[in-house]
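> Any chance you can model this:
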Amino acid sequence: MKTVSVVVPTYNEEENVVPMVEAVTQIFERELKEYELELIFIDNFSKDNTRPILRELCKHDKRIKCILNAKNFGPFNSPYYGITQSTGDCTVLLCADFQDPVSMIVDFVKEWEKGYRIVIGIKTTSKENRIMYFFRSCYYKLIKRMSDVDQIEHFTGFGLYDKRFVEILKNLKDSTPFLRGIVAELGYERKEIPYKQEKRRAGKSSYSFYKLYDAAMLSFTSYTKIGLRLATFVGIICSCVSLIFALVYLIYKLLYWDRFAAGTMPILLGIFIFGSLQLFFIGLLGEYIMNMNMRIMNRPLVIEEERINFGFEQDNRS
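Next up is the predicted model:
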């Protein structure tokens with residue numbers, strides 16, 4: 001009998017974990033009876049009652065496994081690490097807030113049985129803030145145009161991954177993994193299934209503007225060269241324009257020495273314009289360097305505080 005692993009990352013999801021367990025187990029009991037279920041929750045240092053609830057759930061059902069992180073390692077490392085800890089023949093990544101339809105697990109498994117090693121959900125519409133959805137759409141199109149890798153629009157990571165692809169993820173040794181980019185760059189031929197993203201069932205999203213910006217810059221600096229190329233091209237153009245203006249001013253001053261008063265305004269404008277350009281591109285260069293630095297340090301994706309139901313020899317508590 002094949003095993004399907006379902007990985008659910010959590011952070012302050014005390015109102016959602018029990019309904020999530022019920023929804024997933026019902027799907028397997030009613031529509032996926034021929035498959036074994038491995039349900040893995042990986043908690044990113046929740047501050048509410050999520051952890052006590054998860055411990056209680058693990059006591060009553062050994063199919064439910066739990067990894068408790070020692071601190072919050074961000075929204076990318078934790079889900080990625082959870083996938084690499086799965087042992088099923090395929091692994092489904094699913095949000096705990098019910099924005100990803102649980103029922104689509106059945107569709108994913110059916111397509112997987114047809115031979116697809118990667119089956120992913122693509123948002124066609126969303127009940128989130130319309131302005132946010134518009135900006136996300138613009139961002140996806142922009143990254144897709146600038147990247148050397150054909151990026152996947154409106155893909156959040158929600159999908160099914162065959163065990164062979166999970167092995168690839170395990171062996172990447174990337175300390176700042178961006179799953180969406182990795183699937184686009186290194187993944188097998190994939191099946192894309194459209195879906196409508198629902199509102200959160202309960203609780204508040206932990207995604208702040210800073211985290212969204214962090215996600216955008218991670219994908220930008222990992223999969224595009226245009227930032228550095230743009231800095232080079234703009235620098236060359238500005239240098240040429242500056243040289244032309246300098247020559248024009250010099251010629252005018254030599255020809256009309258007494259009548260041509262350049263004043264200080266051109267100097268001030270030049271300082272402000274070129275100073276702002278330098279600050280912008282220094283900051284952009286810093287993003288690339290920070291991305292490289294994180295990878296060079298090669299730190300672990302997460303540090304576990306506790307794991308439950310992974311087997312007696314693997315379970316531990318500090």
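
> Burial check on residue 311, number of neighbours?
The tally of other residues near residue 311 (other CB atoms under 10 Å) stands at 8. Using the backbone N, CA and C atoms, a C-beta is placed for each residue, glycine as well.

> With residue 179 instead?
Residue 179: 20 surrounding residues under other CB under 10 Å.

> Quick check: nearest residue in space to it, chain neighbours excluded?
Spatially, and ignoring its direct neighbours in sequence, residue 179 is nearest to residue 157 (4.8 Å; CB to CB, 6 or more residues apart in numbering).

> ok, now how distant is that neighbour from residue 280?
For residue 157, the distance to residue 280 (CB to CB, to the nearest Å) stands at 31 Å.

> How about residue 287?
From residue 287 over to residue 280 (counting by CB to CB), the distance is 11 Å.

> Next, count neighbours for residue 235.
Neighbours of residue 235 (other CB under 10 Å): 14.

> Check the one 3 residues further on too.
Other residues within reach of residue 238 by the criterion other CB under 10 Å amount to 15.

> Likewise for the one 10 residues further on?
By the other CB under 10 Å criterion, the neighbourhood of residue 248 contains 10 residues.

> Check the offset of whatever helix or strand it lives in from the chain's centre.
According to DSSP states H and E, residue 248 maps onto helix 226-255. Mean C-alpha position of helix 226-255 versus that of the full chain (CA atoms, centre = their mean, to the nearest Å) differs by 39 Å.

> and what of stretch 175-184?
Remark: stretch 175-184 is offset 7 Å from the chain centroid, using CA atoms, centre = their mean.

> okay, how far is it across that stretch, tip to tip?
18 Å (CA to CA, to the nearest Å).

> Now it: buried residues?
By 16 or more other CB atoms under 10 Å, the buried positions in stretch 175-184 come out as 176, 177, 178, 179, 180, 181, 182, 183, 184.

> Could you dump the residues you listed into CSV and include pLDDT, distance to residue 270 and secondary structure?
Listed next are those as CSV, based on pLDDT from 0 to 100; distance: CB to CB, whole Å; DSSP: H, G, I helix; E, B strand; the rest coil:
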residue, pLDDT, distance to residue 270, secondary structure
176, 81, 38, coil
177, 86, 43, coil
178, 84, 39, coil
179, 89, 45, helix
180, 85, 42, helix
181, 85, 39, helix
182, 89, 44, helix
183, 92, 46, helix
184, 87, 42, helix
